[in-house]
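Visitor: Predicted model and sequence below, questions to follow.
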Amino acid sequence: MDLELSAEQEAFRLVVRDFAAAEIAPHAEAWDRDHHFPVEVVQAMGELGLFGLPFPEAYGGSGADLTTLCVAIEELARVDHSLAITLSAGVGLGASPIFHFGTEEQKQRWLPDLCAGRALGAFGLTEPDGGSDAGATRTRAVADGDEWVIDGEKAFITNSGTAITSVITVTARTAAPDVAGGAGKGEISAFLVPAGTPGLEVQPPYRKMGWHASDTHGLSLAGCRVPADNLLGSRGQGFRSFLAILDEGRIAISALALGCIEACLALSTDYAGERHAFGKPIGSNQAVAFSIADLAVMAENARNLTYKAAALRDAGRPITRAAAVAKLYTTEAAVTATRVATQVFGGYGFVDETPVSRFYRDAKILEIGEGTSEIQRLVISRSLGLPVG
Amino acid sequence: MNVVVCVKQIPDPATPGALDPSTNYLKRDGKLILDDSDAYGVEMALQLVTAAGGGDVTLVSMAPNNESSGLRTGLAMGAAKAILVSDPSLAGSDALGTAKVLAAAIKRAEPELVIAATESSDGYTGTVPEQIAALLGFPSITFAKSIEIADGTAKVDRQTEAGYDEVSAPLPALISVTAGVVEPRYPSFKGIMAAKSKPVDTITVADLGLGADQVGEAGARQEIVAVTAAEERQAGEIVEDDGESHLKIVQFLETQKVL
């Protein structure tokens, strides 16, 4: 059993680590405070090739794989979750649907800029009335001549309102009259909606508990018209396939959670060695030392689950369950890890000058986005053959 | 335009280095990385080749055990190939011995320009580039903070304590660059993968036509007789502001010749 990444992946890890230390870490606190999306740094990440990692060179990608993307996300997350999720969503939700389901023309049009980080894509799936229940999509698309007219609301859409957002994949119910006999009643299709399309309104950014430097908006679509050619994938049949893409996204989120746990471990270890109380470093107290030992176990588990799932994906094996297991464990562990780290830092963990306070706020969403912990348990329990309720 | 960049592979400064107690030389047995100060030269060379509209950047290095990890970093940035001189007889080389080896290796690449860092981050002798230039018969310009090539001439802004001098030299020339010369790029994953298959010509002292007695400890004219720990940094002086402390600042700046 080979648990090693390739020498090239490890070399790349150090490059991303250097990049994050030089270009992100010095500013992370200010971006968090100011709710600032650092578009120039996102573009620098693009120049580094991060957004094109798992895509072929023909579309401007690097021809790498999900494992390598996970390495990059992990390293960014050790420093800044917002930039890590910007990458994860940009690749997994922005570019990936177009790469997997787009026509050659659609790929040629959108992917080169997305891979280069000159542009960002977003995925408009979640709606205000239905998060996990993606099948309950209420947004509708109606054919009108050689156009589709889309009406509806989307919620919590990452990267949808940045200065470089170029396209949003919007899922919508494609209803009668086009489908004979009402067969399309449960039919959901996806459409490429270019940024700035009349009728697409990007709502003001959310006020969030964490991920302050990540771009998240609600979207309103009112009479939003796109050409018939902007249908992504085949009509009505793409929905299950899109869910398969979400499996990859879950592995990417696991990598983000892993980076978070590792940062908590490293910061806590350093601090427990430096901070003195009652005449000795606080790390010499077993109460502190053992809680940090637990962080080391979490990091090890998170690493193994994340990279196992990524390796399965890169080997073309089924990943639904492995992705759910990885996502469930790593994100819940990350939330625990930030709580432990904050406790180790004491009062300094509660003020914004320390990264652990930011990580504490940032981590909670990991248990919610890209499938809540409950959805992951649902996926896992169903894979066990338990009766479906 | 073909440019050679002299690069040094050094023990990772992030992990504490150690001296061999019998020779007082830095231990270089483990994995070596590209000296950070050489990344500026590689970047400068890549930019000059791009500006010239063609040519190659060749890295030249000397390291034990055929070590090429650091060279891969430079190749991942975009250098086309590398020449690595690796030979057990090179252990204990002094600056001049190193310069002889590098000069002989550089000749093979027939460059129009040789770039080096001002000094390495581990040895800090800061003399190798000029010795190479002398051995090659090239003019040498040190401390470049910018380089421009036009009509077979290198125009250089040369960093000085007070500012900079504008100097020039006909090519081929050797120029040592400061950390301010350009901002090195980060190698991309594509670059790292491409570097895997770029040629590293690994050669010995004999391949260069040098005798083993001219290099290494045998040929060294320098001997490290003793090593003492650097003096610990002293605590700074704290001046309580009594309304007159600005005068002390001015006085201090004057002693530093800043004013």
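Guide: Arrived safely.

Visitor: quick one, phi/psi of residue B:232?
Guide: Backbone dihedrals for residue B:232, given as degrees, to the nearest 10, come out at phi -70, psi 150.

Visitor: what number of residues lie near it?
Guide: Residue B:232 has 6 neighbours, counted by other Cβ atoms under 10 Å in any protein chain shown. C-beta here means a position set from N, CA and C on the backbone, and glycine is covered the same way.

Visitor: pLDDT averaged over stretch B:144-152 - what is it?
Guide: The average pLDDT within stretch B:144-152 is 94.

Visitor: Now tell me what touches it from outside.
Guide: The contact list for stretch B:144-152, computed with Cβ atoms under 8 Å, 6 or more residues apart in numbering or on different chains, reads B:1, B:44, B:48, B:51-52, B:113, B:115, B:154-159, B:164, B:170-171, B:175-178, B:180-181.

Visitor: Which pLDDT does the model give the residue positioned nearest the centre of chain B?
Guide: What sits nearest the mean C-alpha location of chain B, by Cα atoms, centre = their mean, is residue B:117, with 3.2 Å. pLDDT recorded at residue B:117 is 94.

Visitor: what sits against it?
Guide: Residues near residue B:117 by Cβ under 8 Å, 6+ apart: B:6, B:8, B:35, B:37, B:38, B:40, B:41, B:129, B:176, B:177.

Visitor: Among those, which ones are in strands?
Guide: Assigned to strands by DSSP state E, the following of the contacts of residue B:117 qualify: B:6, B:176, B:177.

Visitor: Near the residue of chain A found nearest chain B, how many other residues are there?
Guide: Closest contact between chain A and chain B, by Cβ to the nearest Cβ, is at residue A:49 (3.8 Å). Residue A:49: 26 surrounding residues under other Cβ under 10 Å.

Visitor: quick one: low-confidence parts of the stretch 51-200 of chain A?
Guide: For the stretch 51-200 of chain A, residues meeting the criterion pLDDT under 70 lie at A:131-132, A:134-135, A:175-186.

Visitor: Spell out which residues of it are next to chain B.
Guide: Applying Cβ under 8 Å from any Cβ of the partner chain, one finds that the stretch 51-200 of chain A approaches chain B through A:53, A:57, A:62, A:63, A:64, A:68.

Visitor: does the fifth one sit in a helix or strand, and which one?
Guide: It refers to residue A:64. Using DSSP states H and E, residue A:64 falls within no helix or strand.

Visitor: Please name the residues that touch residue 90.
Guide: Since no chain was named, I'll use chain A. Taking Cβ under 8 Å, 6+ apart as the criterion, residue A:90 is in contact with A:42, A:51, A:114, A:117, A:120, A:121, A:159.

Visitor: oops, I was thinking of chain B
Guide: B:62, B:64, B:97, B:101, B:205, B:215, B:216 are the contacts of residue B:90 under Cβ under 8 Å, 6+ apart.

Visitor: got it, and residue B:54?
Guide: residue B:1.

Visitor: okay, now the nearest residue to residue B:71 once chain neighbours are set aside: neighbour count?
Guide: Setting aside the residues directly before and after it, residue B:71 is nearest to residue B:82 in space (Cβ to Cβ, 6 or more residues apart in numbering or on different chains), at 4.5 Å. Here the number of neighbours of residue B:82 (other Cβ under 10 Å) works out to 25.

Visitor: just the helices in the stretch 251-389 of chain A please.
Guide: Applying DSSP state H, counting those that start in this stretch to the stretch 251-389 of chain A gives helices spanning A:286-314, A:320-345, A:355-363, A:373-383.

Visitor: Could I get those helices in a markdown table, plus columns for mean neighbour count?
Guide: Formatted as a markdown table, the helices of the stretch 251-389 of chain A follow (neighbours: other Cβ atoms under 10 Å in any protein chain shown):
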| stretch | mean neighbour count |
| --- | --- |
| helix A:286-314 | 19 |
| helix A:320-345 | 24 |
| helix A:355-363 | 25 |
| helix A:373-383 | 16 |
